[in-house]
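Q: here is my input, please return the structure:
(chains A and B)
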Amino acid sequence: MKPIKVVMNAFGPYAARAEVDFSQFGDKGIFLITGDTGAGKTTIFDAITFALFNKTSGAEREVGSLRSDFAADNEETFVELTFSHMGREYRIFRSPKYQKPKRNGGMTDKPAKAALYREPDEPVEGTKAVTDAVEELLRIDYDQFKQISMIAQGEFRKVLNADPNSRGEILQKIFGTGGYKRMGFLMRERFDKAYGGLADLYKSLDQYFDGIRWTDESPFAEAISQQLTLSKEGRGKYQIEQRLALLEQMTEADEAEAADCETNLTAKRAAADAAAKDLALIHADLALFEKYDRLAAEKAQLDGQAETMTALEQNVSLEKKALYDVKPVYDGLQAEEAALKKTEMDLQTAAGQKNMFRMSINMAEMRMNDAISQMPQMEKKKADAALLKQEEGNYQLWDQLQAELAACGEKLDAYEEQLREKTETVENLTAAGKEAEARAASLADRPAKLAELKAEKARLADRLLDCRNLLDVKFPALERNGKVLHDSQMAYVERRDVFDQINEAYYQMEKQLESLRAGILAQTLEAGQPCPVCGSLNHPNPAKLPDEAVTEEELKALKTKRDAAEAAKTKAGEEAAACKAAFDSGLAALMEASAKMLDTETEKLPAHYEETEKLVRKLEGELEEKMQTLSGELAACERETEELQQLQEQLQTSKTGLEDAKADLENLQAQKQKVQLEKKKLDGQLAAMKPLQYESLEKAVDAREKLEKEAAEIQENYDKKRMGLESAKKSFAVQEAREKDLQAQKTQLQAAAENKRNAFAEALQTAGFGDKDAFLAVIVEKEELESEEETLRSYQTAVSVNEAALKQAARDIEGKVRTDATQAEAALAEARAEEEAAQKRLGDVTHRRNTNRAVYEKFLQLQTSAADKLEEVTMLQNLADILQGKMKGKNRTSFETYVQMAGFDDIIRAANQRLQPMSGGQYQLYRHEDLEAKGNVALNLDILDHYTGKKRAVNTLSGGESFMASLSLALGLSDRVTAGAGGIRVDTLFIDEGFGTLDEKSLNDALLMLNQLTDSNKLIGIISHREELKEVIPKKVLIKKNNKGSSIETDLGL
Amino acid sequence: MKFIHLGDLHLGKNVNDFSMIEDQQYILDQIADIIEAQEIDAVLLAGDIYDRSIPSEEAVKLFDGFLTKLAAMGRSVFAVSGNHDSDERLHFGSSLFAAKNIYINGRYDGEIPCVTVEDDHGPLHIWLLPYIKASRVGHFLPEADTSTYDKAFRAVIDHADVDGAERNLLVLHQFVTGAAKEPELAGSETMVLNVGTIDKIGADCFDVFDYVAMGHIHRAQAVGRETCRYVGSMLKYSLDRNELAQTKTVPVITMGAKGDVEVQLIPLQPLREIRHIRGHLRDLIDSATDTEDYIYATLTDEETQFDAMARLQEVYPRVMKLDYDNAASRALGAEGGGPVTEGKSFHQLIGEFFQLYQGSQPGEKEWAIIEETAREAGVIE
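A: Numbering: from 1, shown residues only, chains lettered A, B, ... in the order given. The predicted model follows:
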């Protein structure tokens, strides 16, 4: 992962957009990020990790606080990172959740957003989805990224002191030892499964044992209940041997008992059988006596029924005769008579119908005649229709003419309307034209007036300007001059006073000097000696020496001073004079100008120039007023001039319009006349036509069609009637024929019936019936007859049977006695009960024996399996413990860690290649090697100090030393990672502070070492505030901070 | 007129945490003696006077002493600031010092300050150009092409309007190369990250000057011609092998009439040498000599020696650095061959692992389960 460009907007201390373009630094090399504390250096790293993984570096910064406090309300907070990985370019846009003020007050939540763009694949959207996609792409997550690619502020110790688990995870990623870890898990799973299986086996054994049967009297009862208690406590698995022995014993005992029961049962059974036999004999005798009694009763009953049966017999024979002899003949007769009646009826119906048909024939004839009579009418209608058809043409012509007439009428109306409108227009235009002309005349003089006003305004403006010039420039100037004059005069007075003072002093001093001279001289005076000054010999009052001595030099000095003061005074005087002159001249000029302005004489002006100034000011006011009014007038005049112009233009256009309108009017009149002529022509044509019968063409056509239809109807009617007559004639003929047939049939049937009648009478006689009625009274159905016969037969049989049996029964009971069976029954019941009990006992014992035997066999089987399983479980536990590094008491290094250790050694070697030069050959990293150590220490680090020759743990290093060691380790990691497989590429390394803990020499060594790195294709970013780094690293990102947030500048070192 | 060419003093520098101030004092005194003995008229100081932009009090005191001495001896001094100096701080008081013929220049504003001196052969112009970056040139000469340092400096020289007919001398502190090869470094230069990429200037850029007095590279050498020289540092400032092998010198330049320039190199003798010694610890301790020197010791013992540094410091109090040259350290330098587990088969790894932690190899049944599990985990086919 190599960043190409990162853009931060309203993020961290950056109020608006800030970007760092890493591509400017080239593909490799070191660049420096520097700036004031809190300016936002670490924020650049935060932005990168935030964009990638939605987290920030360092433990203290939270994602929620990323929005810049300096940001304007309408700025969005986001980070956009463009980076390359494995030759492809990607871009991530990510925005955190934050609150933004709403337009109407209050805060609204902006949700977190993220998107990953990876042409030509489709982009990924969504906070979590993008993080997942990045982790998949780079093959590392945030923590691992930090371990490999970033040494964050204050966290470089973590790289050294990483807990073995997280270090293990990274190494797993790098060396792909995940498979070995998985092996450990799988082995543990196998063990768990086997262990579960073993537990199941033991449980089964318990359950089987639970199934044994025993009785309270059994000698094993105690032992068994003891075993069952142990099962409940879960210690059954230790009792397998004992249980096996117990089961064996029990099975034997059960066997013996079962045999015992069987013998008992056999004995009991024999006894019961004997009792049963005795009882049976008694019962048999009792049965015979019973039988005899029953038969005797039966005979008595049969005798009672004898009479009834005789009567029945007689009846039966009569019935037979009636049914078989007479009835058939009777039935035949009846049939013939029925047929005859039917035929007579049919004949009647046929006659009736024949008459009906004759009547209908008559009707039909009548109708047809009717129809014929209408035929001449039909002919007439047809002729009329033909005539009408011929006339249709005329109707059409008439319609056409009407239509044209209507059209003409419309046109005329239209023209009338247009004419009216046009006349109106002409009138309006003429009126408007007159109005405009009048107005234009009134405004004719305005242009000239406008010119005049403009000139006047210009003059006024000039005058106003002069006035203002006086007020704003000349008067103030004069004041200033007045002031200057005053100052110079003051100065002069001052100088003069100074001069006077000095002069006075000078005189005093002169006098003093004189007196001193005099005093000195006086001292030389001696009485009687002449005074050098006046020659007197008397010295009544010699001069005294003044109190203060004064020297010539002092006097000279004071003279010089005085001269100087005098000169100054003179100068000041001259200056004052000059000022005055200037002022006066100025004043004169000003007065003259004011007089001119006020249009008066200079003498007439007030004495003080300030009064004059007031007058001038007043004049200014007046002029301004005048100016305003004049401006107003001028504006009005301008407007009117414009109006005049417009009117003149208008007049021109309206004149042309008017002419056009007049022309149109004439045109319309002509057209109207043309149309009127046409109309007259059409009227003539219409009048000339012949009058028509009907109002319109349609009506004529309708009439014709009606006629034609009527004619057709008449024809149809005639045809129909003719056909009706013919069909009626046909039906009549048919009916006649039928009548004839029926008559013949009737005659035939009469003869046959007569025959049958005779036969019946004969049969009656033969059978012995008196008449038909007697016969009818006897006749019954065949089934009834048969059942009566049956009854007779069975009675007879019963009588004979009963006789025989009774005889036999009497013989049987000869010599026998009736005895009581109750006692024998009781004895039998007892014997049977005993037998049953014995049977039941046998069943129980056998069941128990079988069950226990089955348990014993199963038990034996399972016990062997359990033993095998135990062996397997022990082995698997051992393997799992070893592979996962969980051996009790020994070194807890898993197989995976063992493989990783070797890889880790390699990394340490690469790290040492860096650490050696950086520490001046003093330090070297080692992997902690102590096979006896408790706990998982296989991936811990030690450091060897060559100066003392001793090894110690890395957490004893000082800050600067820690930094060097962790930097070396990070570089070693990234070296090996890139060299190995796994698809993880580390092209960038960020170092956040840490150089501050190094002394100058170590810093130089570190930079030398880092510089060598830039030969490989790596980009190294350093945050530091150390001055030396600024001087030595040319490519810089400078971050400036002020009270409005921070900003970024790039310096490429030129 | 006779000049002595100095530069890259780096007053106040620490080497491996040892303050060199005493050694620097000693050397400056020696140089002052040379100036006296050789009757040198003026001193050229070609930059990197101090080691840091805010120098220590001792360094400032040292330089003050040196300048005062030179002024007392009546010699002129012509100095420019280097990349290690702070331009403005070095420039402090320079207009006042000028009264005593001490010319220090740390500013460039489009014009190269020039001091003209007179000698028997006429006027001699001494141009003082401090260490500047190309961007600064662009700021003051906007029409100039400053895309590379070479082009920028040609513009600077063109604009300076040097009269080639007269004698001209330039004091300079930049990275200048000859046509054929780049200058050799001593090893204590800290322009680590700039080496020869963008900031090199061709030596022919300064052909108009009769002598170019340069600083910046700590190894004394001529570039292009004998009269265009780097003075080199006056003391050894690193433990680099190249630097330790050198002898430090100062050039003395005699400028006669136009075209007549003589250069003579005077060797310097430091107060304390910096030496590199090699051997077993025991031997080094037993055969200790010149114990005041700064020592860089390489131990050849195969085993790491207990308290090596402390023991060595007993005889050599000024040990700057200690390292080892034995099989282990050589192995470290060699390229890593990948983890020791690379190339080993799965069976080998398991075998070794079990041997190590169980004391025995897995049995046949155990092997079967291990292989099955490994296949399930995807470790072997």
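
Q: what residues sit buried inside stretch A:995-1010?
A: Of the residues in stretch A:995-1010, A:995, A:997-998, A:1000-1007, A:1009-1010 count as buried by neighbour count, 16 or more other C-beta atoms under 10 Å in any protein chain shown. Using the backbone N, CA and C atoms, a C-beta is placed for each residue, glycine as well.

Q: so how far is chain B from residue A:165?
A: For residue A:165, the distance to chain B equals 20 Å [C-beta to the nearest C-beta, to the nearest Å].

Q: and the residue of chain B nearest chain A?
A: Closest residue of chain B to chain A, C-beta to the nearest C-beta: residue B:323 (2.8 Å).

Q: bridged to that residue, which residues?
A: residue B:298 (DSSP bridges).

Q: thinking again about what came up before, which of the buried residues of stretch A:995-1010 fall in helices?
A: A:1000-1007, A:1009-1010 (DSSP state H).

Q: let's have those residues in JSON lines, adding distance to chain B and pLDDT.
A: Formatted as JSON lines, the entries for those read as follows, by distance: C-beta to the nearest C-beta, whole Å; pLDDT from 0 to 100:
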{"residue": "A:1000", "distance to chain B": "6", "pLDDT": "76"}
{"residue": "A:1001", "distance to chain B": "5", "pLDDT": "77"}
{"residue": "A:1002", "distance to chain B": "9", "pLDDT": "79"}
{"residue": "A:1003", "distance to chain B": "10", "pLDDT": "80"}
{"residue": "A:1004", "distance to chain B": "6", "pLDDT": "77"}
{"residue": "A:1005", "distance to chain B": "10", "pLDDT": "79"}
{"residue": "A:1006", "distance to chain B": "10", "pLDDT": "80"}
{"residue": "A:1007", "distance to chain B": "6", "pLDDT": "78"}
{"residue": "A:1009", "distance to chain B": "10", "pLDDT": "76"}
{"residue": "A:1010", "distance to chain B": "9", "pLDDT": "75"}
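
Q: so residue A:499 touches residue A:565, yeah?
A: Yes - shown here, residue A:499 and residue A:565 form a contact pair, counting by C-beta atoms under 8 Å, at 4.1 Å.

Q: would you map the helices across the stretch 251-381 of chain B?
A: Applying DSSP state H, counting those that start in this stretch to the stretch 251-381 of chain B gives helices spanning B:281-286, B:308-315, B:327-333, B:346-358, B:364-377.

Q: out of the helices and strands in the chain, which is least certain?
A: You didn't pick a chain, so chain A it is. helix A:156-160 (a mean of 70; mean pLDDT, DSSP states H and E).

Q: nope, chain B
A: Lowest on mean pLDDT, DSSP H and E among the helices and strands of chain B sits helix B:327-333, with a mean of 73.

Q: show me what that one is packed up against.
A: If you count contacts as 3 or more C-beta pairs under 8 Å, 6 or more residues apart in numbering or on different chains; DSSP states H and E, helix B:327-333 packs onto helix A:895-918.

Q: beyond the helix it packs on, next helix or strand please.
A: strand A:923-927 (DSSP states H and E).

Q: so what touches that next one?
A: With contacts defined as C-beta atoms under 8 Å, 6 or more residues apart in numbering or on different chains, strand A:923-927 is touched by A:901, A:904-905, A:908, A:911-912, A:915-916, A:938-946, A:951, A:954, A:961, A:964-965, A:968-969, B:332.

Q: from the contact counts, what lies against the following helix or strand past that strand?
A: Helices and strands here follow DSSP H and E; after strand A:923-927, the next one along the chain is strand A:941-945. Here strand A:941-945 touches strand A:923-927, strand A:950-953, going by 3+ C-beta pairs under 8 Å, 6+ apart.

Q: quick check: which of the ones you listed is buried the most?
A: Most buried of these by mean neighbour count (mean count of other C-beta atoms under 10 Å in any protein chain shown) is strand A:923-927; its value is a mean of 20.

Q: and the average pLDDT for the helix or strand where residue A:523 lies is what?
A: Per DSSP H and E, residue A:523 falls inside helix A:475-524. Averaged across helix A:475-524, pLDDT comes to 84.

Q: which strands or helices does it pack on?
A: If contacts are counted by 3+ C-beta pairs under 8 Å, 6+ apart, helix A:475-524 sits against helix A:552-598, helix A:609-688.

Q: other SSEs contacting the longest one?
A: When contacts are defined as 3+ C-beta pairs under 8 Å, 6+ apart, helix A:609-688 packs onto helix A:375-442, helix A:446-469, helix A:475-524, helix A:552-598.
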